[in-house]
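Colleague: give me the fold of what follows.
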Amino acid sequence: MPLDLTRIQALCFDVDGTLNDTDDQFAEQAEPYFKAIRWLLPARDYKRAARRFVMWAEAPGNALIGLPDSLGIDDELAKIVNWVSQKRKSRIKHFRPIVGVIEMLAAFGEKYPMAVVSARDENSTRIFLRQAGIEQHFVCLAGALTCAHTKPYPDPILWAAAQMGVKAENCLMIGDTTVDMIAGKAAGAQTVGVLCGFGERNELLRKGADLILESTPELTGILLKK
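Modeller: This is a model prediction of the structure:
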């Protein structure tokens, strides 16, 4: 179903694949290795295999939550996601914002309170925000350890909504993985899936995305029409 623009009072953004595209560089670096064994891969799609590998390496929870629902162990997987996110050590590196994100956030700055909702650790997330010069746009940051549970639980979105002074149902969760969609829906928020990260259109739709965009900055033209 399409977005109900009249409900949206605040925005929650994931980081990796949504605001930051550094992981795309990692995928490109991994591609030659998967190309060498492409005959072993489904449809010999080494590019997709490289992206899936990086998704697993950077955020194991995102890969785990993509297992078929037919297994009937969603709750157990969510607990594993939370544990992995809290135990994973930060890796400080140079970050690169997705083209157009800086301008988008500046355009939204006076219209919407905004929050970062990430399963990444708070320290490396703040480093990215500062490197990109966008930290000042956000009211709060929910990292892996901010709440008792991280995505795909709704806890960080509920917490961010409270910090921004709005109801969770009036938030819009923007992210690139099924974990973001699941967390957003569990919190009662609307969700936007973006294809500039690791998520794929069909899986994002299956997990409840209300809207799919090719890239995060496309949101500007949609929300500023209100």
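
Colleague: what helix or strand is residue 221 on?
Modeller: Element membership for residue 221, per DSSP states H and E: helix 219-223.

Colleague: ugh, wrong one, residue 105
Modeller: In this assignment (DSSP H and E), residue 105 forms part of helix 101-108.

Colleague: and that helix, which residues are buried?
Modeller: 101, 102, 104, 105, 107, 108 (16 or more other C-beta atoms under 10 Å). (Glycine included, C-beta is placed from N, CA and C.)

Colleague: can you give me the strands for this protein?
Modeller: All strands of the chain, identified by DSSP state E, fall at 10-13, 114-117, 140-142, 171-175, 190-194, 211-213.

Colleague: which residues in the chain form helices?
Modeller: 22-35, 46-58, 60-64, 74-87, 101-108, 122-132, 155-164, 178-187, 201-206, 219-223 (DSSP state H).

Colleague: count the neighbours of the residue lying closest to residue 191 once chain neighbours are set aside for me.
Modeller: Of all residues not flanking residue 191 in the chain, residue 184 sits nearest, at 3.9 Å (C-beta to C-beta, 6 or more residues apart in numbering). Using other C-beta atoms under 10 Å, residue 184 has 31 neighbouring residues.

Colleague: so what's residue 184 up against?
Modeller: Neighbouring residues of residue 184 by C-beta atoms under 8 Å, 6 or more residues apart in numbering: 12, 154, 157, 171, 173, 175, 190, 191, 208.

Colleague: show the pLDDT at it.
Modeller: The model reports residue 184 with a pLDDT of 97.
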